[in-house]
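**Q** Turn this into a structure:
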Amino acid sequence: MTETTAGKSHRVAFYADICYDSELSPAYWIPPANLDVDVILLGGDIHYSPERLASMLSEIRRTQDSSTRIVVVPGNGEYVDQELDSSRGRYRAVVAAISNATWLDDESVMLPGGLRIIGSTLWSDVAEADISRYSEQLAGHGLKGVDDIRRHHDVLQHPFYQRWSRGELTRPELAEYAGQYRHAVVALADATASTANREHAEAERAHIALWDRFVRSVDGDTSTAPAEGTTQCVSAWAETSRPRS
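**A** Take a look at the predicted model:
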């Protein structure tokens, strides 16, 4: 495909949803050698392990001109059956080891000539009634669906939130939760302040005062020190606010 920015045409070869490492995948394949393009964009669900993606990228790099940029945007398939944060780091590392290659996960890159590529994993939003049918279909082929990951990390399924929904939490429990979660509210406000979306940033900053009212209403402490898990959460938000190239 061809994109035009500021009067300059950019030739992009786009590939996605090849789904290697699955019995349903096609035979192994890489783009034809020496493509006459500026960018080879891999748009997700390519390989299900960082190591195999590394081998594929090495072969692509070897068969393309050194000036051709390779941009990798992960799909939800790249994270199937893996711990999200650690696999994210491994994918980023293998792409960084390839010359003139870029990994984009909730970030963007501006290429010479003004072409901006925004990359973010598209997590599925499947109705609950459809998830079981979807998972059963994949299970018939010995596969796990990405919604198994969503279920595993769904905070609303945590026993604490289940008890909250049933009205079973005690006031001291709510007070402790409110004081701890305030650190996350502040961290999110700080993270969005570094973005270009001023409206979102202002909304998150205003949320702090609203949350403080909730903390006080359950007799919590707005100055309580963060627990270890809270510190990890805050660090994750801080990581998202750091500029990336």
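**Q** Show the residue spans covered by the strands in the protein.
**A** For the chain, the strands defined by DSSP state E occupy 2-5, 8-15, 39-42, 69-72, 101-103, 107-110, 116-119.
**Q** Can you say which of the ones you listed is nearest to residue 211?
**A** Taking CB to CB, strand 107-110 is the member of the strands of the chain nearest to residue 211, at 27.7 Å. Yep, even glycine has a C-beta here, placed from its N, CA and C like the rest.
**Q** Can you report the mean pLDDT over the residues of that closest one?
**A** For strand 107-110, the mean pLDDT works out to 88.
**Q** Let's see that strand as PDB, backbone CA atoms only.
**A** Below are the C-alpha coordinates for strand 107-110, written out as PDB (Å, rounded to 0.1, in the frame of the first residue of the first chain):
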ATOM      1  CA  GLU A 107       3.700   3.800  21.200                       C
ATOM      2  CA  SER A 108       4.400   5.500  17.900                       C
ATOM      3  CA  VAL A 109       7.400   6.200  15.600                       C
ATOM      4  CA  MET A 110       7.900   9.000  13.100                       C
END
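**Q** ok, now which ones touch the residue of the chain most remote from its centre?
**A** Of all residues in the chain, residue 219 has its C-alpha farthest from the mean position, at 35.6 Å, by CA atoms, centre = their mean. Listed by CB atoms under 8 Å, 6 or more residues apart in numbering, the contact set of residue 219 reads 171, 175.
**Q** Distance of it relative to residue 173?
**A** Distance check for residue 219 against residue 173: by CB to CB, to the nearest Å, it reads 11 Å.
**Q** got it, and residue 77?
**A** When CB to CB is the yardstick, residue 77 and residue 173 sit 38 Å from each other.
**Q** next one: residue 179
**A** Noted for residue 179: a distance of 11 Å to residue 173, by CB to CB.
**Q** Show me which of those two is the more surrounded one.
**A** When residue 179 and residue 173 are compared for neighbours, residue 179 comes out ahead with 21 against 14, by other CB atoms under 10 Å.
**Q** Excluding chain neighbours, what is closest to the more buried one?
**A** Counting by CB to CB, 6 or more residues apart in numbering, residue 179 lies nearest to residue 224, which is 3.8 Å off, once chain neighbours are set aside.
**Q** do the same with residue 214
**A** Counting by CB to CB, 6+ apart, residue 178 is the residue found nearest to residue 214 once chain neighbours are left out, at 5.7 Å.
**Q** Also residue 105?
**A** residue 74 (5.5 Å).
**Q** dump the residue contacts of residue 198.
**A** No contacts exist for residue 198 under CB under 8 Å, 6+ apart.
**Q** Tabulate the strands of the chain (CSV), appending mean neighbour count.
**A** Converted to CSV, the strands of the chain look like this (neighbours: other CB atoms under 10 Å):
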stretch, mean neighbour count
strand 2-5, 12
strand 8-15, 15
strand 39-42, 22
strand 69-72, 22
strand 101-103, 22
strand 107-110, 14
strand 116-119, 15
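**Q** Which one, of the ones you listed, ends up nearest to residue 228?
**A** Across those, residue 228 has its closest neighbour in strand 107-110 (27.6 Å, CB to CB).
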